[in-house]
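Visitor: any chance you could fold what I've pasted below:
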Amino acid sequence: MRFLNGVEVVGNKLPDPVTIFFILWFVVIAISAIVAKSGVSAVHPGTGETVAGVNLLSKEQLQLFLNNIVTNFTGFAPLGLVLVTMLGAGLAEKVGMMEVMLKSVADKIPAKLVTAAIIFIGIMANAVADAGFVVFPPLAALIFLGLGRHPLTGMFAAYAGVAAGFSANLIISMLDALVAGFTIPAAQIIDPNYTSTPAMNYYFLIASCFVLTAVGTFVTERYVAPRFDGTPYEDTGYDANAEVTPKEKKALKCAGIAVLIYAAIVVALCIGPNAFMKDPETGSLLASAAPLMAGMVPLITLLFFIPGIVYGIVSGKIKNDKDVAALLYESMAGMGSYIVLAFAAGQFLALFNSSNLSSLLAIKGAEWLKGVGLTGPVLIVVFVLFAGFINLFVGSCSAKWAIMAPIFVPMFMLLGYSPALTQMAYRIGDSITNPISPIFTYFPVILAYAKKYDKNMGIGTIMSAMLPFSLLFAVAWIIVLVIFMQFNIPLGPSGPIYYK
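Guide: Down below sits the predicted model:
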């Protein structure tokens, strides 16, 4: 706890996150100039193309940056997702539906199980892709608020579940299909006849859900709650002791019926060989081009918007279209600080990617690890830690794996390990450092949410809250992986430990 206090103090002495991102602009530009003039380059293992450092101080690159400032901002991945989702979630909150719903839910869940439920739901939220980062943490904060506990405890537990538990789930999701799309071609470098499925890690993902839920609950109650429970927070107008009126209960019941009807329509659109929600080319629901996956953000928005409208009408808080518009205006008004932060972060990530520093770091690091000469479980553990380290600088799961899969999948196959094991080891490393990476695309999102309850919230406070999750999730996950290896337990269908 003293160490975490130190992390918080030091971290909060840093400038405002917006200022930090502006400083990082110039740091990346300076480093890119040094790397480019030094002639550093590497061969991309996937494409065979030479990747060289790009001098961002050159006339052409400065002109390109100036021309793309607006698109760097609008193209910042979480920006549109957050704002569009808030159209639905914000309306549901402002009309009062979320407050009443969470009070009803909180009354039914034993207090001792709430933290575990938050962690578990956070892990499961990965099934709806990145929407989990946007929707669930603020809801978890309200749940804890309703229990008389500090809302940031719930928010950080939810964020850890979604971010650090990114590669655990009870169902196969788009992420499984995404990483398998790089693993299988990489394995075919060694064995042209190699085939597998996106479910190659499924058994391990199921086991991970329950292990991480237990570990996350322990971390929340042992290390996070003592830092926040009992401390003051901003008054948001949420009255945890207010009774749910009969009219509100009726409105909530009608909203629930609306959700069921909406869900039934979505399910119906997924059924059949030419279903609307399937990818027209592959017929898959999990393909990135499938409307179910590509349209997940508006689908999530409607999941809140439709019952919010129904609740508002039945409760009497929405009488006409002007009331709806006013609620939408109000819900978006609080997103100003996040929009400013997104502008600064978007420019930094664009500069970092344009410099090729992220690719060079991943390729050079992979070459170093390949030449270390380790074997057995120790090699797998080092690979997990290496993937976690690279994740601090390269946020995209697919971008990293596109570089690393053609190196490590064949390498580990030659050592006798299956592509499924290599992929799972990578996914663990890719998950555990998500919560503590300041350049992770959803770090600004959680920072903006946290400021709602603490206007002076700094990076140090979030880092000190997230660090125990990252460390203990890493330890637990590695132990489970080693157990699977030692007892030769399949990681999933067509996912053996060893390659023959």
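
Visitor: how near is the residue of the chain most remote from its centre to residue 431?
Guide: Relative to the centre of the chain, and counting by C-alpha atoms, centre = their mean, the farthest-placed residue is residue 246 at 37.9 Å. Going from residue 246 to residue 431 by C-beta to C-beta, to the nearest Å gives 45 Å. Heads up, the C-betas are built off the backbone N, CA and C, glycines and all.

Visitor: same check on residue 315?
Guide: Separation of residue 315 from residue 431 (C-beta to C-beta) stands at 40 Å.

Visitor: looking at the two, which is more packed in?
Guide: residue 431 (27 against 21; other C-beta atoms under 10 Å).

Visitor: what is the burial count for the closest residue to the more buried one other than its chain neighbours?
Guide: Closest residue to residue 431 in three dimensions, ignoring its sequence neighbours and counting by C-beta to C-beta, 6 or more residues apart in numbering: residue 166, at 4.0 Å. Using other C-beta under 10 Å, the number of residues around residue 166 comes to 24.

Visitor: so what's residue 166 up against?
Guide: The contact partners of residue 166, by C-beta atoms under 8 Å, 6 or more residues apart in numbering, come to 126, 175, 397, 427, 430, 431, 434.

Visitor: quick one: which of the residues you listed is nearest residue 7?
Guide: When those are ranked by distance to residue 7 (C-beta to C-beta), residue 434 comes first, at 17.2 Å.

Visitor: and that closest one, its phi and psi?
Guide: The phi and psi torsions at residue 434 (degrees, to the nearest 10) take the values phi -50, psi -50.

Visitor: looks like it contacts residue 392 (just checking).
Guide: No - the pair residue 434 and residue 392 fails to qualify as a contact (C-beta atoms under 8 Å) at a distance of 9.5 Å.

Visitor: which of those two has more residues huddled nearby?
Guide: Per other C-beta under 10 Å, whichever of residue 434 and residue 392 has more neighbours is residue 434, with 29 against 15.

Visitor: in terms of pLDDT, where does that one sit?
Guide: Residue 434 carries a pLDDT value of 91.

Visitor: now do the contacts for the spatially most central residue of the chain.
Guide: For the chain, residue 163 is the residue whose C-alpha lies nearest the centre (C-alpha atoms, centre = their mean; 4.3 Å). Contacts for residue 163 were tallied using C-beta under 8 Å, 6+ apart; they are 133, 431, 434, 435, 440, 442, 466.

Visitor: what's the distance between the helix or strand bottoming out on mean pLDDT in the chain and the middle of its chain?
Guide: Every helix and strand in the chain was compared by mean pLDDT, DSSP states H and E; the lowest is helix 97-108, with a mean of 74. Distance, stretch centre to chain centre, for helix 97-108: 25 Å (C-alpha atoms, centre = their mean, to the nearest Å).

Visitor: what does that helix rub up against?
Guide: By C-beta under 8 Å, 6+ apart, the residues outside helix 97-108 that reach it are 89, 92-93, 114, 139, 142-143, 146-147, 238, 240, 242, 244, 248-249, 251-252, 255, 307-308, 311-312.

Visitor: same question for stretch 438-449.
Guide: Against stretch 438-449 from outside (C-beta under 8 Å, 6+ apart): 17, 20, 76-78, 82, 130, 133-134, 137-138, 141, 155-156, 159, 163, 335, 337-338, 341-342, 345, 348-349, 352, 392-393, 395, 434, 437, 457, 459, 462-463.

Visitor: so which of those residues are in helices?
Guide: Of the positions in the contacts of stretch 438-449, 17, 20, 77-78, 82, 133-134, 137-138, 141, 155-156, 159, 163, 337-338, 341-342, 345, 348-349, 352, 459, 462-463 sit in helices, assigned by DSSP state H.

Visitor: could you point out the helix or strand that follows the least confident helix or strand of the chain?
Guide: helix 111-124 (DSSP states H and E).

Visitor: tell me which residues are up against that following helix.
Guide: 106, 109, 132, 136, 140, 143-144, 147, 154, 157-162, 165, 168-170, 209, 212-214, 216-217, 220-221.

Visitor: in stretch 169-179, which of the residues would be classed as buried?
Guide: Of all the residues in stretch 169-179, those buried under the rule 16 or more other C-beta atoms under 10 Å are 169, 172, 173, 174, 175, 176, 177, 178, 179.

Visitor: that should have said stretch 328-341, apologies.
Guide: For stretch 328-341, a neighbour-count test (16+ other C-beta under 10 Å) marks 328, 331, 335, 337, 338, 341 as buried.

Visitor: let me know the closest of those residues to residue 30.
Guide: Of the buried residues of stretch 328-341, the one sitting nearest to residue 30 (C-beta to C-beta) turns out to be residue 341, at 22.8 Å.

Visitor: surely that closest one and residue 18 touch.
Guide: Yes - if you go by C-beta under 8 Å, residue 341 and residue 18 touch, sitting 5.6 Å apart.

Visitor: need the overlap of contacts for the two.
Guide: Shared contacts of residue 341 and residue 18 (C-beta under 8 Å, 6+ apart): none.

Visitor: where does the chain dip in pLDDT?
Guide: Along the chain, segments meeting pLDDT under 70 span 46, 105-107, 128-130, 237-242, 286, 288, 395.

Visitor: in it, what residue spans correspond to strands?
Guide: 41-43, 50-52 (DSSP state E).

Visitor: as a markdown table, those strands with distance to residue 414 would be great.
Guide: Converted to a markdown table, the strands of the chain look like this (distance: least, C-beta to C-beta, whole Å):
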| stretch | distance to residue 414 |
| --- | --- |
| strand 41-43 | 19 |
| strand 50-52 | 24 |
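
Visitor: who are the contact partners of the nearest residue to residue 155 once chain neighbours are set aside?
Guide: Residue nearest to residue 155 in three dimensions, not counting chain neighbours: residue 141, with 4.0 Å by C-beta to C-beta, 6+ apart. By C-beta under 8 Å, 6+ apart, the residues touching residue 141 are 151, 152, 154, 155, 158, 449, 453.

Visitor: what residues sit buried inside stretch 480-499?
Guide: Within stretch 480-499, the residues that count as buried by 16+ other C-beta under 10 Å are 480, 481, 484, 485, 490, 491, 492, 494, 495, 496, 497, 499.

Visitor: any idea how far residue 483 is from the spatially closest residue to residue 151 that is not a sequence neighbour?
Guide: Leaving aside its chain neighbours, residue 151 sits nearest to residue 141 (3.7 Å; criterion: C-beta to C-beta, 6+ apart). Taking C-beta to C-beta as the measure, residue 141 falls 35 Å from residue 483.

Visitor: who's in contact with the closest residue to residue 100 other than its chain neighbours?
Guide: Computed as C-beta to C-beta, 6+ apart, the closest residue to residue 100 that is not its neighbour in sequence is residue 248, at 4.8 Å. Applying C-beta under 8 Å, 6+ apart to residue 248 gives the contacts 96, 100, 315.
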